[in-house]
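Novice: curious how this folds, go ahead:
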Amino acid sequence: MKRIRNAESDGEHPLRYALIGAGIAGCAHLKAICGRKNVRLVGIVDPAPASAWKLGGAGREAPHFTTIEALLGEVRPDIVSICTPTRDHAELAMAALRSDAHVVCEKPMAMNLQEARQMEQARAAAGRLGLMNFSHRNVAAFRFARQLIQDGAMGRVTRIHISYLQSHLRAAGGRWTWRNDAATAGYGAMGDLGVHMIDAARFVTGLEFRRVTGLKRTWITERSDEEVRRPVTTDTDAVFLGEMQNDATAVFETGQTALGYGNCFRLEVGGELATVRVASELPDHIELSERGAGWKAKLKMKRVPREFPGRNRPASPDAIVDAIRSGTTDYPTFRDGLAAQGVLEALDRAIGTRSWMECDEQAGEVGGTQHGEPANLGEELQ
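Specialist: Numbering: from 1, shown residues only. The predicted model follows:
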């Protein structure tokens, strides 16, 4: 963990919290952050009527504002969550940072790499903290797989295979939303789901992307919005390949039209000594190859050690509270968001030109992969 300067360290100081965007993501942020000791909700910004908000009692009782300028000027929050469509992330984050607030932002970070760079530059200039809500870092199985790799139990990582499939765009009666509009969301499945896969590859393996290529499709071309059919201008499905910094190969598939999957995120990492597989449906288990097993051996299900989650707190979104008070980081930062945005931008160029593209934006802060003596998995797993 790295020390952060200019962060308040008084654990008794009540932190003023403001939420921008009162939808489903906003509800998750509010519940996590306001669930911490000495955090007080001081304001909410959302243009929709309060009757349409997803926040419950706490949200109804907080002061409501129609603009971020009014909120920042009146209540001067210490922390601001940005849970709006992607189009507004950069403008809102930079306004919050100018007011000396720490920022928690939904993914993807921005509409493009230039905006993401501006957000990180503004954060650094303000001396504030920026947290990206890459929520799958919270899953115990994903974090334990990362620990195995860091401990050298896998040996050198040679292959990565990640899929993130959803069924919601195929659901009967599904409605058009802002996520189906490229001008508002920036990306479809590749940004909404693919950015989680990009971050998971970096987080779990400790490896950066070197270059990428891929393709994307829009299988659902229109959706109903009230009585009107509106076009879907984002991608609904995408596949891409990555070459990582240690020459490992990475294969990714994402889609919002995969019937029978619901919300299914699976990650597999192969190394010279072992293979590990994790899935969002099994947050407390991993599948692991036995050391020295024959070529026909299958992965075996193992439970994540029961004490592991307690030793390894989830990374977002309320980790911002710990970081402010302790001055340490153990969460996905704006630099991580910027690195993921760099991969998305390279993918856009690669798909447009049907070629490989270099990823030129690297964060370098996810932790390196260790290739020392293998860990004793028999003692760790039960």
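Novice: ok, and the closest non-adjacent residue to residue 26?
Specialist: Leaving aside its chain neighbours, residue 26 sits nearest to residue 83 (3.9 Å; criterion: Cβ to Cβ, 6 or more residues apart in numbering). The way it works is simple: take the backbone N, C-alpha and C, and place the C-beta from them, glycine included.
Novice: an error on my part: the question was meant for residue 72.
Specialist: Closest to residue 72 by Cβ to Cβ, 6+ apart is residue 99, at 4.3 Å.
Novice: against residue 121, how distant is the one you found?
Specialist: From residue 99 across to residue 121, the span is 16 Å (Cβ to Cβ, to the nearest Å).
Novice: ok, residue 290 touching residue 302?
Specialist: No - when contacts are counted by Cβ atoms under 8 Å, residue 290 is not listed as touching residue 302 (10.1 Å).
Novice: quick one: contacts for residue 282?
Specialist: Neighbouring residues of residue 282 by Cβ atoms under 8 Å, 6 or more residues apart in numbering: residue 141.
Novice: re the thing from before, the residue nearest to residue 26: neighbouring residues, count only.
Specialist: Neighbourhood size, residue 83 [other Cβ atoms under 10 Å]: 24.
Novice: next up, the contacts around it.
Specialist: 19, 20, 21, 22, 23, 25, 26, 29, 106.
Novice: out of these, who's the most crowded?
Specialist: In these, the most neighbours by other Cβ under 10 Å go to residue 19, 31 neighbours.
Novice: need the pLDDT of the residue sitting nearest the centre point of the chain.
Specialist: When Cα atoms, centre = their mean is applied to the chain, the residue found nearest the centroid is residue 134 (1.8 Å). Looking at residue 134, its pLDDT reads 96.
Novice: next secondary structure after the lengthiest helix in the chain?
Specialist: When the chain is scanned for its longest helix (criterion: DSSP state H), the result is helix 334-353. For helix 334-353, the following helix or strand on the C-terminal side (DSSP states H and E) is strand 357-358.
Novice: ok, what's across the strand from residue 241?
Specialist: Beta bridges link residue 241 to residue 213, residue 251, judged by DSSP bridges.
Novice: count of neighbours near it?
Specialist: 16.
Novice: for residue 160, see how far away it is.
Specialist: 10 Å.
Novice: shared neighbours, those two?
Specialist: 249, 250, 251.
Novice: tell me the mean pLDDT for stretch 166-180?
Specialist: Across stretch 166-180, pLDDT averages out at 87.
Novice: where does the prediction get shaky in the chain?
Specialist: Residues of the chain meeting the criterion pLDDT under 70: 1-12, 51, 56-58, 329, 362-382.
Novice: end-to-end on stretch 79-90?
Specialist: 16 Å (Cα to Cα, to the nearest Å).
Novice: for stretch 129-146, same thing?
Specialist: Stretch 129-146: ends 24 Å apart by Cα to Cα.
Novice: then stretch 90-110?
Specialist: End-to-end distance (Cα to Cα), stretch 90-110: 6 Å.
Novice: could you pull out the strands for the stretch 101-250 of the chain?
Specialist: Ranges of strands in the stretch 101-250 of the chain, per DSSP state E, counting those that start in this stretch, are 102-105, 130-132, 157-166, 209-217, 222-225, 228-231, 237-244, 249-255.
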